[in-house]
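**Q** Pasting the sequence and the predicted model now:
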Amino acid sequence: MGSVTILGSGVSHIALTTGIQQLSMIKTVPDRALSALFVSCCLFLLYIAVPRFLSDLMLVPGTPILYRISAGATVDDQALRVLEESRLQALEFSDNLRAHADLASTYLRRAQRSEDADNRERFARLSIEASIKTTKRSPQNPYAWMHLSVAQLMLGPDHRAEALTAWRQSVKAAPFEPRLLFQRFQIGVLLYEELLPADIAVLQEQTRLGYQWWNYKFRAYCRKHGLTEWAIFLMPGDEEAAKYLGN
């Protein structure tokens, strides 16, 4: 009986050891799979994050110039070229929405400054291209729509319908956007012949908002662009505004 007991214990020990080894192997396989999955996820995140990081980094040289423009400062052509180049370099790493939006603004400024008709048209078309890319991905961006409207107008009479559509979209995206009110008023006047009654009502409201927001600056803008009579016309019955703008 003693030898039988010893043999049984040995078999039990071997079976137990074998079972532990098998469980260890079963446990090792999922651990390796999880490790591989973790590494793959990390590599995938790096694949996505690194190009975007480099793209954003390329924006840095032109950003101070953009801030100066936003603050109303005048920048020279060399500064605009630096701004343009920084955005183009950013797009080499990633399809950066901000780069497209900034290029739309930059190209429009270069078109407005150009004295050469061919260059003016070229930059206007480049602005339109960048604006369309921006509005497709950010349809609520009122600035992109306004850039598109102005650039379309610069291409001539055949593009007035597209300019009006973009003007409407800009107002729809942000009815009260202080930095766009004066320009919307001016573009609305330029497109007045194409405006429907509903558009005229919108233009009147934009004009009134522009005046109420900053009447002194609005008056100066009207005088600079020869729009004083238009402003008075678009605010019928407002004798106080008419008197202030006319003085």
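**A** Structure received.
**Q** make it CA atoms for all contacts and neighbour counts henceforth
**A** OK.
**Q** Quick check: the gap between Glu205 and Pro175.
**A** When distances are taken as Cα to Cα, to the nearest Å, Glu205 and Pro175 turn out to be 9 Å apart.
**Q** Touching both of the two, which residues are there?
**A** Here Glu205 and Pro175 have no joint contacts, going by Cα atoms under 8 Å, 6 or more residues apart in numbering.
**Q** Run a quick neighbour tally on Gln212.
**A** 12 (other Cα atoms under 10 Å).
**Q** Which elements pack onto the helix or strand harbouring it?
**A** Per DSSP states H and E: Gln212 is located in helix 197-213. The criterion is 3 or more Cα pairs under 8 Å, 6 or more residues apart in numbering; DSSP states H and E, and the helices and strands that helix 197-213 contacts are helix 178-190, helix 215-225.
**Q** so the shortest one versus helix 197-213, what angle?
**A** Spelled out, that is helix 215-225. Regarding helix 215-225 and helix 197-213, their directions subtend 120 degrees when assessed with axes from the mean of the first three to the mean of the last three Cα atoms, to 10 degrees.
**Q** go on, the first one?
**A** For the pair helix 178-190 and helix 197-213, the angle between their directions (the same axes, to 10 degrees) equals 140 degrees.
**Q** distance between helix 178-190 and the chain's centre?
**A** With Cα atoms, centre = their mean, to the nearest Å as the basis, the distance from the averaged C-alpha position of helix 178-190 to the chain average is 20 Å.
**Q** now do the last one
**A** For helix 215-225, the distance from its own C-alpha centre to the chain's C-alpha centre is 28 Å (Cα atoms, centre = their mean).
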